[in-house]
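**Q** below: sequence and its predicted model.
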Protein chains: 4
Amino acid sequence: MADTRVCAIAGSLRTGSYNKALLRAAQELAPPGVRIAIWDGLRSIPPFDQDEQVRGDPAPVVALKAAIAEADVLLIATPEYNYGIPGVLKNAFDWASRPAGKSVLNGKPAAIVGATVGLWGTVRAQLALRQSFLFTESPVLLKPEVLVARAQDKFDASLRLTDETTRAMLRQLLVALPAFVARFR
Amino acid sequence: MADTRVCAIAGSLRTGSYNKALLRAAQELAPPGVRIAIWDGLRSIPPFDQDEQVRGDPAPVVALKAAIAEADVLLIATPEYNYGIPGVLKNAFDWASRPAGKSVLNGKPAAIVGATVGLWGTVRAQLALRQSFLFTESPVLLKPEVLVARAQDKFDASLRLTDETTRAMLRQLLVALPAFVARFR
Amino acid sequence: MADTRVCAIAGSLRTGSYNKALLRAAQELAPPGVRIAIWDGLRSIPPFDQDEQVRGDPAPVVALKAAIAEADVLLIATPEYNYGIPGVLKNAFDWASRPAGKSVLNGKPAAIVGATVGLWGTVRAQLALRQSFLFTESPVLLKPEVLVARAQDKFDASLRLTDETTRAMLRQLLVALPAFVARFR
Amino acid sequence: MADTRVCAIAGSLRTGSYNKALLRAAQELAPPGVRIAIWDGLRSIPPFDQDEQVRGDPAPVVALKAAIAEADVLLIATPEYNYGIPGVLKNAFDWASRPAGKSVLNGKPAAIVGATVGLWGTVRAQLALRQSFLFTESPVLLKPEVLVARAQDKFDASLRLTDETTRAMLRQLLVALPAFVARFR
């Protein structure tokens, strides 16, 4: 059986991001056969402008779409800003979703995780992101929902995920990916 | 009675944007005493990075915050991308909402409108934006909800709003702003 | 290949309900191999009370769960009341979803349609219902989304669905069901 | 200054409901001038049927509407069932919201709280309820959001709210009500 190739994107730009750290934890915890490539070009994506999109994708968007196209499944780690998806992450989604109905996102399986220093574990951002994946007709893994609240208590000073419950949950999600991807072949 | 100063922002960058055109229509339809200043610096806002925000706002963000601070009320015209708020608009919101709890958005009254060439009139984007304004504790005008579906039929070739029903609805919203702002003084 | 058995439930009690009529249209339009049984016991479901649920399901709930268990897929036709799911429909869902994690809804494929005399086609109710199906880990068909706005113009006086575009969309959904169900076997 | 009359409704029927207990805590914590009357007729509300509504409200609905009409503000304590509002609560809302645009809910100020034994504190149910209050043009208090997670740790065996942080938050909400109501006179 072929490996499951995962394109992982964190929705935060700051260096000490818990969501970036969550993706590194996913790499550490991935079972054999699940290969996670972190795409970290988010900062380079220009603001979405449909006029520009019609003229042709800028180079960073070409790179983003290639990373998505090569993967079997997406793994998005999203913070929650203002009870929603970070603008920088949504902006990349807006580019990747074009042309509408025929984009690299259409039909692409996805899984969502998220970390926050707050109490509610990115519940609202994850629901909003699921809604966007409905537009692109991308099946999103239903369970487990990996919602990391009070992230400062669950990662150590070097940003390694140490909380055993969260590690087990994340592992459970990763283990589920190959069969999930197979459903949509 | 003092004028009601409105800071109007469209969530789209393209030249022929119906949401930009909706704000120009608002300027045309504003009753005496309602002054609408369109802020069009969205393209210049860099991707939100908390590290950068902690070091100090970049100049375009300083300008955005000043425009919001000087206004009595915001008027946001939002497209709907992928069943949500455009990333470029949300990114500006993410900057403006900092520092959390003490930002220029906190307690600032707001009104939301939106236009789309699709059928559902930005229903989902407007609800998502209301949810973000809950985080910033910004009261959002409840009615009328100005949802412009099939925008291509409601603006003429020069992007002037010609649909009488939509014009009446937008006027009704603008007329409601002074009393709405007064409630939250 | 075995037939695809569909349990269809309309979320409205009134006699002239467009959502009931939409399910009858589905029966009319179903392709060979798709059998739609309309479950119309919604009125008999008592108000959900966890104390009662612990003591044992009342007879109408037993009947509801049996209808769901026997089906391969659910087809829900939901009105939109107050920008959300009708209480009567959600109440039946609340019963059917118990015991949590092991209910007849868990893992059960579903599809959602909706009709309204309003403009926005039950967009908000359908999104809310998708969110509830996330809790029960029920995969919901992504597309087409069948959203019937201005239903009074699309059904005739005898409540037969006459609008060709809507009929085609509904047929497309029904045709998609067997393969959708097969994915989750 | 006149008392602020609060009509409080819990969205759960079970005897040991934490949401009912939260409303009793509100009565205990209410500052002078805030009078909280708990309306506990939820079980008696029949399933909403528009045909019946057109013929005239059943007696329990008449009582519900009277309780709302007499109050200056609503206080809703909602559990979260299936990531949404309980059907029994939404059903009462569906009745109270009629006739649309002219109901006792239209323009009525409201505040929302919620308790759950789960981790996420009824975040999703509260957002859904806010969305319904948008339909009825009811201003909903923005902050504080009282979200009681792991309720079993915050109430004692006799269902008295003992968690000091939660008590302080609830008191803060209650103290805010008179000024909130005054804004919308």
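**A** Cool, the structure landed.

**Q** please make it C-alpha for all contacts and neighbour counts, starting now.
**A** Noted.

**Q** number of residues surrounding residue A:140?
**A** 22 (other C-alpha atoms under 10 Å in any protein chain shown).

**Q** for it, give me phi and psi.
**A** phi -110, psi 130 (degrees, to the nearest 10).

**Q** pretty sure it is touching residue A:129, no?
**A** No: contact criterion C-alpha atoms under 8 Å: residue A:140 and residue A:129 do not qualify, at 9.7 Å.

**Q** mind giving me the packing neighbours of the longest helix anywhere in chain A?
**A** Counting residues, the longest helix in chain A under DSSP state H turns out to be helix A:164-183. Secondary-structure packing of helix A:164-183 (3 or more C-alpha pairs under 8 Å, 6 or more residues apart in numbering or on different chains; DSSP states H and E): strand A:4-10, helix A:18-29, strand A:34-38, strand A:146-148.

**Q** and the angle for that helix with helix A:18-29?
**A** Counting by axes from the mean of the first three to the mean of the last three C-alpha atoms, to 10 degrees, helix A:164-183 lies at 70 degrees to helix A:18-29.

**Q** so what's the spatially closest residue to residue A:34 that is not a sequence neighbour up against?
**A** With sequence-adjacent residues excluded and distances taken as C-alpha to C-alpha, 6 or more residues apart in numbering or on different chains, residue A:34 is closest to residue A:4, at 4.8 Å. Counting by C-alpha atoms under 8 Å, 6 or more residues apart in numbering or on different chains, residue A:4 touches A:33-35, A:71-73, A:177-178, A:181.

**Q** make it 10 Å
**A** Neighbouring residues of residue A:4 by C-alpha atoms under 10 Å, 6 or more residues apart in numbering or on different chains: A:32-36, A:71-73, A:177-179, A:181-182.

**Q** okay, it: pLDDT?
**A** At residue A:4, the model reports a pLDDT of 98.

**Q** what do you get for residue A:112?
**A** 98.

**Q** part of a helix, is it?
**A** No: going by DSSP: H, G, I helix; E, B strand; the rest coil, the assignment for residue A:112 is strand, not a helix.

**Q** next, count neighbours for it.
**A** When neighbours are counted by other C-alpha under 10 Å, residue A:112 comes out with 25.

**Q** same deal with residue A:139?
**A** 24.

**Q** the closest residue to it other than its chain neighbours and chain B: what is the separation?
**A** Distance criterion C-alpha to C-alpha, 6+ apart; nearest residue to residue A:139, sequence neighbours excluded, is residue A:109 at 4.9 Å. Relative to chain B, residue A:109 is positioned 16 Å away (C-alpha to the nearest C-alpha, to the nearest Å).

**Q** give me the neighbour count for residue A:109.
**A** Neighbours of residue A:109 (other C-alpha under 10 Å): 25.

**Q** what's the answer for the one 5 residues further on, then?
**A** The burial metric for residue A:114, expressed as a neighbour count using other C-alpha under 10 Å, is 27.

**Q** same question for residue A:156.
**A** 12.

**Q** hang on, isn't it packed against residue A:25?
**A** No: counting by C-alpha atoms under 10 Å, residue A:156 sits too far from residue A:25 to count as a contact (11.9 Å).

**Q** identify the contacts common to those two.
**A** By C-alpha under 10 Å, 6+ apart, residue A:156 and residue A:25 have these common neighbours: residue A:162.

**Q** any weak-confidence spans in chain A?
**A** Residue ranges of chain A with pLDDT under 70: none are present.

**Q** any idea which element the nearest residue to residue A:138 once chain neighbours are set aside lies in?
**A** In this structure, residue A:138 finds its nearest non-sequential neighbour in residue A:107, 4.4 Å apart by C-alpha to C-alpha, 6+ apart. If you go by DSSP states H and E, residue A:107 is not part of any helix or strand.

**Q** can you pull the contacts of residue A:107?
**A** Residue A:107 neighbours (C-alpha under 10 Å, 6+ apart): A:73, A:101, A:133-134, A:136-140, A:184-185, C:142.

**Q** list the contacts of the spatially closest residue to residue A:123 that is not a sequence neighbour.
**A** Nearest in space to residue A:123, with sequence neighbours left out and distances taken as C-alpha to C-alpha, 6+ apart, is residue A:147 at 6.9 Å. By C-alpha under 10 Å, 6+ apart, the residues touching residue A:147 are A:77-78, A:112-116, A:119-123, A:126, A:166, A:169-170, D:120.

**Q** the residue nearest to residue A:39 when sequence neighbours are not counted bridge partners, please.
**A** Leaving aside its chain neighbours, residue A:39 sits nearest to residue A:9 (5.5 Å; criterion: C-alpha to C-alpha, 6+ apart). Legend: beta-bridge partners of residue A:9 under DSSP bridges are residue A:76.

**Q** counting neighbours, what do you get for residue A:9?
**A** Neighbours of residue A:9 under the rule other C-alpha under 10 Å: 24.

**Q** that one is in contact with residue A:42, isn't it?
**A** Yes: the pair residue A:9 / residue A:42 is scored as a contact, 8.1 Å apart, by C-alpha under 10 Å.

**Q** joint contacts of these two?
**A** By C-alpha under 10 Å, 6+ apart, the residues touching both residue A:9 and residue A:42 are A:64, A:89.
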